[in-house]
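A.B. asks: okay, structure incoming, though there's no sequence with it:
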């Protein structure tokens with residue numbers, strides 16, 4: 001596994017893919033460093049190709065995100081935002097061809113992240129037999145503008161099946177969130193996932209009733 005993945009040439013990515021490798025990237029490098037690096041040190045061309053996830057996607061390799069805290073905030077949705085937008089601290093887009101889809105970015109903090117640490121059979125996706133550890137968002141990442149991904153409020157979590165509300169000033173009640181649970185947690189149509197999500201929605205509604 002290649003960790004951090006700050007710089008790589010396209011041919012190196014292809015070679016790594018052929019060797020069966022995977023990538024654990026920090027997309028926040030682009031946010032924090034690309035703008036400054038374009039002015040000092042490595043120049044605009046190389047800085048635009050920092051964390052070249054576009055090449056990884058083309059290769060078909062699995063990739064995950066990590067924060068490298070304190071290099072980046074320990075906020076998975078901020079990593080998603082960074083990977084999808086590639087916006088620098090100066091407000092420019094660096095290397096737009098290396099932006100990834102929302103779907104790929106969400107996998108990078110869930111299933112592919114679990115795969116990278118060999119725990120995909122235990123966590124990372126919703127399936128019977130896996131730990132019921134979920135993050136409950138107040139909005140679907142698929143329904144907000146890409147620039148707002150990092151600002152989606154977290155209503156709470158489910159830890160081993162127990163609903164854990166977070167302290168929030170949001171007006172979204174568990175009932176409202178439960179109503180849209182399928183959109184909030186997944187966009188797929190896997191029957192097992194739908195059954196688990198429906199159960200989660202019922203738990204949220206029950207929690208609200210209490």
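C.D. replies: Perfect, I can see it now. Predicted, not measured: the structure shown is a model, and the values here were computed from it. Numbering: from 1, shown residues only.
A.B. asks: domain assignment for the chain?
C.D. replies: Domains of the chain are assigned by automatic domain parsing as 2-116, 134-209.
A.B. asks: looking at those domains, which one has the lowest mean pLDDT?
C.D. replies: Ranked by mean pLDDT, those end with domain 134-209 at the bottom, a mean of 67.
A.B. asks: let me know which of the domains of the chain is the nearest to residue 123.
C.D. replies: domain 2-116 (5.0 Å; Cβ to Cβ). Just so you know, the C-beta spots here come from the backbone N, C-alpha and C atoms, and that holds for glycine as well.
A.B. asks: can you get me the start-to-end distance on the closest one?
C.D. replies: End-to-end distance of domain 2-116: 10 Å, with Cα to Cα, to the nearest Å as the criterion.
A.B. asks: now stretch 35-51
C.D. replies: Stretch 35-51: ends 13 Å apart by Cα to Cα.
A.B. asks: which other residues reach it?
C.D. replies: 5-7, 25-27, 29-30, 33-34, 88-90, 92, 94-95, 98 (Cβ atoms under 8 Å, 6 or more residues apart in numbering).
A.B. asks: now, those residues that are in helices?
C.D. replies: Residues of the contacts of stretch 35-51 located in helices (DSSP state H): residue 29.
A.B. asks: filter the contacts of stretch 35-51 down to the buried ones.
C.D. replies: 5, 25-27, 29-30, 33-34, 88, 94-95, 98 (16 or more other Cβ atoms under 10 Å).
A.B. asks: gap between residue 12 and residue 137?
C.D. replies: The gap separating residue 12 from residue 137 is 36 Å, by Cβ to Cβ, to the nearest Å.
A.B. asks: so those two - more neighbours on which side?
C.D. replies: residue 137 (21 against 13; other Cβ atoms under 10 Å).
A.B. asks: the more buried one is in contact with residue 150, isn't it?
C.D. replies: No - in this structure, residue 137 is not within contact of residue 150 by Cβ atoms under 8 Å, at 11.9 Å.
A.B. asks: now do the buried residues in the helix or strand harbouring residue 38.
C.D. replies: Using DSSP states H and E, residue 38 sits in helix 35-39. Across helix 35-39, burial judged by 16+ other Cβ under 10 Å covers 35, 37-38.
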